[in-house]
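[1] Pasting a predicted model and its sequence here:
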Amino acid sequence: MKTPFFSFVRPLAVVAFGGNALLRPGDSGTTKDQLARAREAVRRLLPILARGYELVVVHGNGPQVGNLLIQADLAAEQVPPQALDFCVAQTQGSLGFLLELAFANELPRAGFRKEVATFLTQVEVDPADPAFLSPTKPIGPFFSRDRAAQLEENEGWKMVEDAGRGWRKVVASPKPRAIRGVAVAAALVNRGHIVIAGGGGGIPVVVSDEGEARGVEAVIDKDYTAAMLASSLSAELLIILTGVNRVSRDFGKPTQAAMPELDVETARRLLAEGQFPPGSMGPKIDAAARFAESGGRVLITRAESLDEALEGKTGTIVRG
């Protein structure tokens, strides 16, 4: 299937940040507190608009989905638990609502007049993806050994022991295959709207040979989805926000060295050498390389340093 080419009046930037930006360890988790976090996150993104970009925002949802699954377990005798794809859809809506409120409150204060729209995003994955054969992504609450065994037998869940803290459900983390309805997001961008899309990596769906779509229990890495969305929308810039100012070689070692720039070939080589662990920087570098290969430019940095990174004073640029 040929990827459509979209052209916008102004250049487009796609930015991805984690769900912990809105709900951090130790936070109360109330709507009020998450809205405050959302406003803080939105203020960090305003320099992108100030530099003349249209904007698409991709957010994570790990803490929020985890809370939904805890609620579901506690209420299981009264309310049937929802499948994971349904939980992802729920958090796309709820977090989209919080971010829309945050933008509505912060944009006028910064002198911008723009509308914001949340695009509930289905992301197609391959039912034959090897990830489905060996689920590894832990989600939701911790259970006792006995409860985990019961869930494995009654629900068919795969459970693993997690660092001595209890047993957790694990699901597959397949790579995205296609963004469904991407032309809808493009139409919104073309009207000058800020678009919130691909929340939590997208709602994972598989499509049969007959064209029948259905949701599946899986977690798609948001950075891969952001890279695919940026490529599908012909974006000029992909911004991946993380916990460090710059990507480093030999991170945490005496030989640690920051890398202001990375080309795709070097990024692939360092990935193969194990420089970027799969549970942290690895997917970000891989996603960045995928987008850079399509001709785009990637900026990796901390949210707090984004303004300086856009000026070239910090951050890591990944190019083709």
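    Perfect, I can see it now. Predicted model only: the values in this text are computed from it and were never measured.
[2] how about the closest residue to D126 other than its chain neighbours, phi and psi?
    Distance criterion C-beta to C-beta, 6 or more residues apart in numbering; nearest residue to D126, sequence neighbours excluded, is R177 at 5.2 Å. C-betas here are computed from N, CA, C, even on glycine. Note on R177: its backbone torsions stand at phi -110, psi -40 [degrees, to the nearest 10].
[3] ok, the closest residue to V14 other than its chain neighbours to G166 distance?
    Counting by C-beta to C-beta, 6+ apart, A230 is the residue found nearest to V14 once chain neighbours are left out, at 4.0 Å. When distance is defined by C-beta to C-beta, to the nearest Å, A230 is 37 Å away from G166.
[4] Looking at the two, which has the bigger crowd around it?
    Legend: neighbour count by other C-beta atoms under 10 Å for A230 and G166, higher for A230 (29 against 15).
[5] Tell me the secondary structure at that one.
    helix (DSSP: H, G, I helix; E, B strand; the rest coil).
[6] The one 10 residues further on too?
    Classification of I240 into helix, strand or coil gives strand, according to three-state DSSP.
[7] count of residues packed around it?
    28.
[8] So what sits opposite it in the bridge?
    Here I240 sits in beta bridges with A16, I300, going by DSSP bridges.
[9] What separation do you get for it and E106?
    Distance, I240 to E106, by C-beta to C-beta: 22 Å.
[10] Poorly predicted segments of the stretch 151-300 of the chain, please.
    Scanning the stretch 151-300 of the chain for pLDDT under 70 picks out nothing.
[11] Would you map the strands across it?
    158-161, 167-171, 176-179, 194-197, 203-207, 213-215, 237-242, 248-249, 257-258, 261-263, 297-302 (DSSP state E, counting those that start in this stretch).
[12] Pick the most deeply packed of those.
    Mean neighbour count (mean count of other C-beta atoms under 10 Å) peaks for strand 194-197 among these, with a mean of 27.
[13] strand partners of that one, parallel vs antiparallel please.
    Applying DSSP bridges, strand 194-197 is found paired with strand 54-59 (parallel), strand 116-119 (parallel).
[14] ok, and which of the ones you listed has the densest surroundings?
    Highest mean neighbour count among the strands paired with strand 194-197 (mean count of other C-beta under 10 Å): strand 54-59, with a mean of 26.
[15] roughly how far out does that one sit from the chain middle?
    Computed by C-alpha atoms, centre = their mean, to the nearest Å, the chain-centroid distance of strand 54-59 equals 11 Å.
[16] Who are the contact partners of the closest residue to R51 other than its chain neighbours?
    Distance criterion C-beta to C-beta, 6+ apart; nearest residue to R51, sequence neighbours excluded, is L310 at 6.0 Å. By C-beta atoms under 8 Å, 6 or more residues apart in numbering, the contact set of L310 is P47, I48, R51, L299.
[17] separation between L310 and G243?
    L310 is 18 Å from G243, by C-beta to C-beta.
[18] got it, and L233?
    Where G243 is concerned, L233 sits at a distance of 26 Å (C-beta to C-beta).
[19] Tell me which of the two has more neighbours.
    Between L233 and G243, counting by other C-beta under 10 Å, L233 is the more crowded of the two (25 against 12).
[20] Ramachandran coordinates for the more buried one?
    With angles defined as degrees, to the nearest 10, L233 sits at phi -90, psi 10.
[21] contacting residues for it?
    By C-beta under 8 Å, 6+ apart, the neighbours of L233 are F6, L12, V14, V56, V182, A185, A186, V189.
[22] give me the number of residues near the first one?
    With neighbours defined by other C-beta under 10 Å, the count for F6 comes to 17.
[23] That one: what secondary structure?
    Criterion first, three-state DSSP; result for F6: coil.
[24] doesn't A185 make contact with it?
    No. F6 lies out of contact with A185 (C-beta atoms under 8 Å); the separation is 9.1 Å.
[25] Nearest the geometric middle of the chain, what residue?
    Nearest to the geometric centre of the chain sits K222, at 2.4 Å (C-alpha atoms, centre = their mean).
[26] Would you mind measuring from the closest residue to it other than its chain neighbours to P254?
    Setting aside the residues directly before and after it, K222 is nearest to G201 in space (C-beta to C-beta, 6+ apart), at 4.3 Å. Distance from G201 to P254, counting by C-beta to C-beta: 35 Å.
[27] cool, and L99?
    Applying C-beta to C-beta, the value for L99 to P254 is 41 Å.
[28] and if you look at G156?
    Going from G156 to P254 by C-beta to C-beta gives 48 Å.
[29] Kindly report the same for I196.
    In this view, I196 and P254 are 42 Å apart by C-beta to C-beta.
[30] ok, the residue nearest to K222 to A83 distance?
    Applying C-beta to C-beta, the value for G201 to A83 is 16 Å.
[31] Which one's more surrounded, those two?
    Just comparing G201 and A83: by other C-beta under 10 Å the higher neighbour count belongs to G201, 29 against 12.
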